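In: here is a sequence together with a model predicted from it:
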Amino acid sequence: MAEEKRQFQAEVGKLLDIVVHSLYSNKEIFLREMISNASDSCDRLRYAAITEPDLLDGGSEFRIRLIPDKDAGTLTIVDNGQGMSHDELIANLGTIAKSGTSEFLSRLTGDAKKDVTLIGQFGVGFYSAFMVAEEVTVISRKAGEAKGWKWVSDGKGEFTVSPADEAARGAAITLKLRDGEKEFLDAFRLKSIVKRYSDHIAIPVTLKDGDTDEETVNSANALWTRPKSEITPEQYREFYHHVAHAFDEPWSTLHYKAEGAIEYTGLLFIPSSKPLDIFHPDRKQHVKLYVKRVFITDDCEELLPPYLRFVRGVVDSQDLPLNVSREMLQHNPVLSKIRTGLVKRILGELKKKSEDADGGYDAFWTAFGPVLKEGIYEDFERKTDILDLCRFRSTQGDGLTTLADYVARMKDGQDAIYTITGDDLEQLKKSPQLEGFRAKGVEVLLLTDPIDEFWVSAVPSYAEKPFRSVAAAGADLSAVKAPEGAEDSKEDEAPADQLTTLIEAVKLALGERVKDVRASERLTESAVCLVAAEGEMSMHLEKMLRAHNQ
Ligand code: ADP
Ligand code: MG
């Protein structure tokens, strides 16, 4: 087969354009990305070989080699992992599979400085090679396949794919360095980059400098197996970047060893910024499963409930067998114990962080609260723990409040936690439904996340106080005394018979369109408002479901 010429997917083209033309200050991270991909590829092959040992023909000692060639001006990164087939080369290195890509691209401003910050958060992975290389060649043979392939591109819109007869299993990525980027041929420089970003990679990374012997330049042991006291914050951060394919700072790092009936090590991270795909309908969790330091899968639904899908990291079990298959992971008693342990640790960590005034909990809440709240009705046993972690806007003050504080502020005679739901905070604050509550000084929680509709109707109470919507017909404030000095609305109340006549007239006019018309104390300024009948879904929920054609 001759050479095929292909176009990059339009999104990749745009991304490459920014990568190449913006003066990204931190170019050295390209090496971290290459090594991270090589390591992932070795992990995947090791796991695949558990059920298909023949895939390891040609060697089971995994290694990532860095080969600078000063004469040619090239740096080659070689791994003996899973490699890529012809089609995979085209799909993986010609498109972006990452969800959130189009949102990311739409946020680009054209202002190089701002865009570079955005790229920093989004990450460009493989394409970062073009920050330092004018041409990238990937020679790869997929494990188990006889034929190899060569992928070449200058990053300007096109790439070619052609057969490569001599290809070894895995991938060899050669970067033809631009003038001005030749520092990446220097052994000392390469070593220090590996130490800084890739020391935690569990596979040996070796460097071949000219005629000298090949030398291992990373620690090559799994970071989570080291004692906490020996791990620096930078090492934790770099590990997080690798394991989460993320580029922000971890907000929280949780590293522990569970001992007892079930033994496992957890190294978990909570990101500081919201991943773009956090509301993807698959609601997949993102913690990777290892067994005795061997990568098993990054797709184990049983490991964490969906409402903790913002958590990143690894769990390494001592008790599962190495040859554990996907089927064995379902309804696995060991795994379900690990899951219980993880949930407890994570919620405990969140509780601790929430009690630390400088811990940045409000920012966490703003990013991930809507996800965590799914747990209120999905994890019945932990409902109260999760409610304790919740923060709300309310009609009192501009900040966030806990439910406990709300309850402490409840008025004499107030028998429920009042809520109002809608899409927009400012609009909610102006709702006529709140007038009566305001007049009596009764605080109302302002709920604007779509998820709020679901849990408020599913959860009966907090601290024995029921949740009640201000828009529900039963919201009754007659037992709450108006604050001193407030106008008593009874004074200008219409005589009873006039009111009855008015109500009859309104009922007649609206007919079938309403269930009932009643006089109410809930309004002080507006003449009328709509309320939902007791036991029926709220108007906001109805509107939301209608928008989804349900
Ligand atoms: P990510 O690592 O987040 O998936 P990248 O842009 O770094 O994104 O890499 C894109 C894809 O290219 C990877 O998901 C993988 O499928 C493939 N890939 C990159 N480098 C290698 C490699 N050395 N061996 C095998 N596959 C690779
Ligand atoms: Mg990558």
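Out: Yes, it's here. Since this is a predicted model, take the numbers as computed values, not measurements. Ligands and ions are numbered 1, 2, ... in the order given.
In: now for the residue in the chain positioned nearest to ligand 2, how many residues are close by?
Out: Closest approach between the chain and ligand 2, counting by Cβ to the ion: residue 125, at 3.8 Å. C-beta here means a position set from N, CA and C on the backbone, and glycine is covered the same way. Residue 125 is flanked by 19 other residues according to other Cβ atoms under 10 Å.
In: which residue packs closest to it, ignoring adjacent ones?
Out: Nearest-residue entry for residue 125: residue 33, 5.4 Å, with adjacent residues in sequence omitted and distances by Cβ to Cβ, 6 or more residues apart in numbering.
In: and that neighbour, what helix or strand is that in?
Out: Following DSSP states H and E, the helix or strand that holds residue 33 is helix 29-51.
In: what packs against that helix?
Out: Secondary-structure packing of helix 29-51 (3 or more Cβ pairs under 8 Å, 6 or more residues apart in numbering; DSSP states H and E): strand 64-69, strand 74-79, strand 170-177, helix 187-197, helix 233-244, strand 294-297.
In: which among the ones you listed is found nearest to residue 410?
Out: helix 233-244 (41.4 Å; Cβ to Cβ).
In: who's in contact with the next helix or strand along the chain from that closest one?
Out: The C-terminal neighbour of helix 233-244 among helices and strands, as given by DSSP H and E, is strand 250-258. Counting by Cβ atoms under 8 Å, 6 or more residues apart in numbering, strand 250-258 makes contact with 224, 228, 231, 233, 236-237, 240, 263-272, 312-313, 338, 341, 345-346, 349, 353, 360, 363-364, all of which sit outside it.
In: send me strand 250-258 as PDB with only the CA atoms.
Out: Provided in PDB are the C-alpha atoms of strand 250-258 (Å, rounded to 0.1, in the frame of the first residue of the first chain):
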ATOM      1  CA  PRO A 250      -5.600  19.100  42.600                       C
ATOM      2  CA  TRP A 251      -7.700  20.800  45.300                       C
ATOM      3  CA  SER A 252      -7.500  17.900  47.600                       C
ATOM      4  CA  THR A 253      -5.100  14.900  47.700                       C
ATOM      5  CA  LEU A 254      -6.100  11.800  49.700                       C
ATOM      6  CA  HIS A 255      -3.500   9.100  50.100                       C
ATOM      7  CA  TYR A 256      -4.100   6.200  52.500                       C
ATOM      8  CA  LYS A 257      -3.700   2.500  53.000                       C
ATOM      9  CA  ALA A 258      -6.700   0.600  54.300                       C
END
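In: right, and the helix or strand after that strand?
Out: Sequence order places strand 264-271 as the next helix or strand after strand 250-258, per DSSP H and E.
In: poorly predicted segments of this structure, please.
Out: The model of the chain has pLDDT under 70 over residues 1, 22-24, 99, 112, 473-475, 484-494, 521-525, 527, 529-550.
In: could you tell me which residues of the stretch 51-200 of the chain lie near ligand 2?
Out: Applying Cβ under 5 Å from the ion, one finds that the stretch 51-200 of the chain approaches ligand 2 through residue 125.
In: and the chain, by the same measure?
Out: Residues of the chain lying near ligand 2 by Cβ under 5 Å from the ion: 36-37, 125.
In: from the residues you listed, which are also near ligand 1?
Out: Residues of the residues of the chain next to ligand 2 in contact with ligand 1 (Cβ under 6 Å from any ligand atom): 37, 125.
In: mind putting the residues of the chain next to ligand 2 in JSON lines, distance to residue 148 included?
Out: Converted to JSON lines, the residues of the chain next to ligand 2 look like this (distance: Cβ to Cβ, whole Å):
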{"residue": "36", "distance to residue 148": "23"}
{"residue": "37", "distance to residue 148": "18"}
{"residue": "125", "distance to residue 148": "22"}
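In: ok, the residues of the chain next to ligand 2 vs ligand 1, which is closest?
Out: residue 125 (2.3 Å; Cβ to the nearest ligand atom).
In: now do the contacts for the residue lying closest to residue 131 once chain neighbours are set aside.
Out: Among residues not flanking residue 131 along the chain, residue 27 sits closest, at 4.8 Å (Cβ to Cβ, 6+ apart). For residue 27, the contact set (Cβ under 8 Å, 6+ apart) comprises 131-132, 181.
In: up against ligand 1, what does this protein have?
Out: Contact residues, the chain versus ligand 1 (Cβ under 6 Å from any ligand atom): 33, 37-38, 41, 79, 81-84, 92-93, 125-126, 171, 245.
In: closest point of the stretch 451-550 of the chain to ligand 1, which residue?
Out: residue 451 (28.2 Å).
In: again with the stretch 251-400 of the chain
Out: residue 298 (10.5 Å).
In: looks like that residue contacts residue 285 (just checking).
Out: No. The pair residue 298 / residue 285 is not scored as a contact, 9.6 Å apart, by Cβ atoms under 8 Å.
In: ok, these two, which is more surrounded?
Out: Taking other Cβ under 10 Å, residue 298 and residue 285 do not tie; residue 285 has more neighbours (22 against 19).
In: and the next element down the chain from whichever helix or strand residue 386 is part of?
Out: Assigned by DSSP H and E, residue 386 belongs to helix 383-389. Downstream of helix 383-389, the first helix or strand assigned by DSSP H and E is strand 393-394.
In: return whichever helix or strand comes after that following strand as CSV; C-alpha atoms alone will do.
Out: Sequence-wise, the next helix or strand downstream of strand 393-394 (DSSP H and E) is helix 403-408. Listed next in CSV are the C-alpha coordinates belonging to helix 403-408 (Å, rounded to 0.1, in the frame of the first residue of the first chain):
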residue,chain,number,x,y,z
LEU,A,403,-28.8,23.4,56.4
ALA,A,404,-27.7,23.3,60.0
ASP,A,405,-27.3,27.1,60.0
TYR,A,406,-30.6,27.5,58.3
VAL,A,407,-32.4,25.4,60.9
ALA,A,408,-30.7,27.3,63.7
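In: next, the angle from the helix or strand where residue 119 lies to helix 29-51.
Out: Assessed by DSSP H and E, residue 119 sits inside helix 112-122. Put simply, helix 112-122 runs at 20 degrees to helix 29-51, going by axes from the mean of the first three to the mean of the last three Cα atoms, to 10 degrees.
In: quick one: contacts of helix 112-122?
Out: So helix 112-122 is contacted by 15, 18-19, 21-26, 100, 104, 107-109, 247-248, 273, 276 (Cβ under 8 Å, 6+ apart).
In: which positions in it come out as buried?
Out: The neighbour-count check on helix 112-122 (16 or more other Cβ atoms under 10 Å) flags 115-116, 119, 121-122 as buried.
In: which one of those residues is nearest ligand 1?
Out: residue 122 (10.6 Å).
In: residue 250 pairs with what?
Out: residue 271 (DSSP bridges).
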